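[1] predicted model and sequence below, questions to follow.
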Amino acid sequence: MKTPQMQSIKSKDSIVYFQEETYIQLNQYLLKANHSDVFILVDTNTHDNCLARFMGNLEIDIPIEVIEIEAGEINKNIETCSGVWNALSELGADRKSLLINLGGGVVTDLGGFVACTFKRGISYINVPTSLLAQVDASVGGKTGVDLGNLKNMVGVISESEMVLVDTSYLETLPANELRSGFAEMLKHGLITDANYWQRLNKIKELTTTDLADLIHESVVIKNKIVTVDPTEQNIRKYLNFGHTLGHAIESHFLTHPKKTTLLHGEAIAVGMIVESFIANKLSGLTLPELNEVSQSLLTIYPKVIIEKEDYQPIIDLLIFDKKNVGGKVLFVLLKQIGEAVYNCEVPEELLIASLNYYNNL
Ligand code: NAD
């Protein structure tokens, strides 16, 4: 019998299956759905590390084509979409084709967007292979790509047919990528569940086996939020905790010629620290809680060097952030560990103070 921890999770238009149930459900779906053909989108790394495992679990007899993109956030752009749209078109995809996104958040975000726009929308399935994609990016229907250095500027919200979480893909995921995904799990704890945050903090070493139940728990948290508010009118904004400044920092490092690109979770970890500093000033997070968040995140994520000359470009990028309405920079802040509040305005001097706080840690 399935452990309660591995029960499938339903949202409005999609369903997340876990572990051994994933391929049973996929094969049943493919038999019934009558797709004209199936396309699998991979990046260079998931082609080498995940495709054989995935194909080995398919039991259908319909044409399958593999489309490969270059790995990395730098390729999550409209030019890559163009390549995939062209490949689909040249390979004869039609409105009844299915796209399966086998990869991390870049593949699921970009592939989802390609599917939602090709011929005005074809079905797609997410098979997330990174921790970040399993606990966050593949769930909730947000798809899209970056525009220059502006993160996720172009996209649509439309859920996949299903999400298949098979944690054995994580065995080949590099350790820094595992840590990156763990940041979104910590975020889930910080915004909704102090107990979950504490349990995550007790983990000494990230291993695939220990993570399986926790991954399920994170998906439960994310799914609850996006099911109530699929289009981010209210509580879905909680998921942006750490992402307002975090995205601006990630964007700045992505395009600055002298900076090393940060992994998404690494940038979000900085974002969660600086936004917790702001929360201590504005929304009631206590000093001991702020210290707890900062110390915990700094133990896991390497300190990022943010020079004084980076401050203004980062703050300028905030103004362009897609989440801001009418030019106002709106933040999600913590009231306490496990409880968040959204639509908080933050004065510019506090943004600078928060970056100073991080630098002095
Ligand atoms: P990613 O897709 O770039 O994957 C990270 C790296 O791991 C890549 O090099 C990839 O090729 C490699 N990889 C993936 N699975 C592997 C495996 N099993 N074995 C070996 N290598 C593997 O990035 P990510 O961290 O998965 O996702 C980050 C992206 O997700 C960002 O673009 C972010 O904006 C997006 N995101 C989206 C949402 C959403 O709701 N749609 C939520 C959070 C993040």
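    Perfect, I can see it now.
[2] what residue lies at the spatial centre of this protein?
    In the chain, the C-alpha nearest the mean C-alpha coordinate belongs to Ala137, at 3.1 Å (Cα atoms, centre = their mean).
[3] what sits against that residue?
    Applying Cβ atoms under 8 Å, 6 or more residues apart in numbering, one finds that Ala137 lies in contact with 104-105, 108-109, 128. In short, each C-beta sits where N, CA and C put it, glycine included.
[4] closest one of those residues to Asp316?
    Proximity of those to Asp316 was ranked by Cβ to Cβ; the top entry is Asp109 with 24.1 Å.
[5] packing partners for the helix or strand hosting the closest one?
    Taking DSSP states H and E as the criterion, the element that holds Asp109 is helix 105-117. In this structure, helix 105-117 packs against strand 38-43, helix 78-90, strand 98-103, strand 123-128, strand 145-147, with contacts taken as 3 or more Cβ pairs under 8 Å, 6 or more residues apart in numbering; DSSP states H and E.
[6] using CSV, write down the CA coordinates of it.
    Once non-C-alpha atoms are left out, helix 105-117 reads as follows in CSV (Å, rounded to 0.1, in the frame of the first residue of the first chain):
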residue,chain,number,x,y,z
GLY,A,105,12.9,24.3,-14.1
VAL,A,106,14.3,25.7,-17.3
VAL,A,107,12.9,22.8,-19.3
THR,A,108,9.5,22.8,-17.5
ASP,A,109,9.1,26.6,-17.7
LEU,A,110,10.2,26.9,-21.3
GLY,A,111,8.6,23.6,-22.5
GLY,A,112,5.3,24.5,-20.8
PHE,A,113,5.4,27.9,-22.5
VAL,A,114,6.2,26.4,-25.9
ALA,A,115,3.3,23.9,-25.5
CYS,A,116,0.8,26.5,-24.4
THR,A,117,1.6,28.7,-27.4
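[7] pull the contacting residues for Ile203.
    Residues touching Ile203, when contacts are defined by Cβ under 8 Å, 6+ apart, comprise Asp210.
[8] offset the numbering so it begins at 184, please.
    Let's use 184 as the start, then, which means that last one is Ile386.
[9] centre of the chain to the lowest-mean-pLDDT helix or strand in the chain, how far?
    Among the secondary structure pieces of the chain, namely its helices and strands, strand 333-337 has the lowest mean (mean pLDDT, DSSP states H and E), a mean of 88. How far strand 333-337 lies from its chain's middle: 13 Å, per Cα atoms, centre = their mean, to the nearest Å.
[10] what's the answer for stretch 367-387, then?
    Between the centre of stretch 367-387 and the centre of its host chain there is 16 Å, according to Cα atoms, centre = their mean.
[11] and the stretch 234-383 of the chain, which residues reach the ligand?
    By the rule Cβ under 6 Å from any ligand atom, the part of the stretch 234-383 of the chain lying against the ligand is 254-256, 259, 286-290, 292, 312-313, 315-316, 319-320, 323, 325, 334-335, 352, 355-356, 360, 363.
[12] touching stretch 192-210 from outside, list them.
    Around stretch 192-210, the neighbours that count as contacts under Cβ under 8 Å, 6+ apart are 185, 189-191, 240-243, 308, 310, 322-324, 342-350, 395, 399, 402-403, 406, 409-410, 413.
[13] taking helix 261-273 as reference, get the angle to the least confident helix or strand of the chain.
    Relative orientation of strand 333-337 versus helix 261-273 (axes from the mean of the first three to the mean of the last three Cα atoms, to 10 degrees): 40 degrees.
[14] related to what we said a few turns ago, can you flag the weakest of the helices and strands packed on helix 288-300 by average pLDDT?
    Considering the helices and strands packed on helix 288-300 one by one, the lowest average pLDDT is found for strand 328-330, at a mean of 94.
[15] any residues touching it, and which ones?
    For strand 328-330, the surrounding residues in contact (Cβ under 8 Å, 6+ apart) are 256, 259-261, 263-264, 292-293, 296, 335-338, 434.
[16] test my guess that Lys511 contacts Val529.
    No: under the criterion of Cβ atoms under 8 Å, Lys511 lies out of contact with Val529, with a separation of 9.6 Å.
[17] so for these two, which sits in the more crowded spot?
    Looking at Lys511 and Val529 with other Cβ atoms under 10 Å, you find the greater number of neighbours at Val529, namely 22 against 10.
[18] so what's the more buried one up against?
    461, 465, 512, 514.
[19] any chance of those in TSV with distance to Gln202 as columns?
    As requested, these are arranged in TSV below (distance: Cβ to Cβ, whole Å):
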residue	distance to Gln202
Ile461	39
Leu465	42
Val512	41
Phe514	37
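[20] from those residues, list just the buried residues.
    Restricting the contacts of Val529 to buried positions leaves 461, 465, 512, 514, with burial counted as 16 or more other Cβ atoms under 10 Å.
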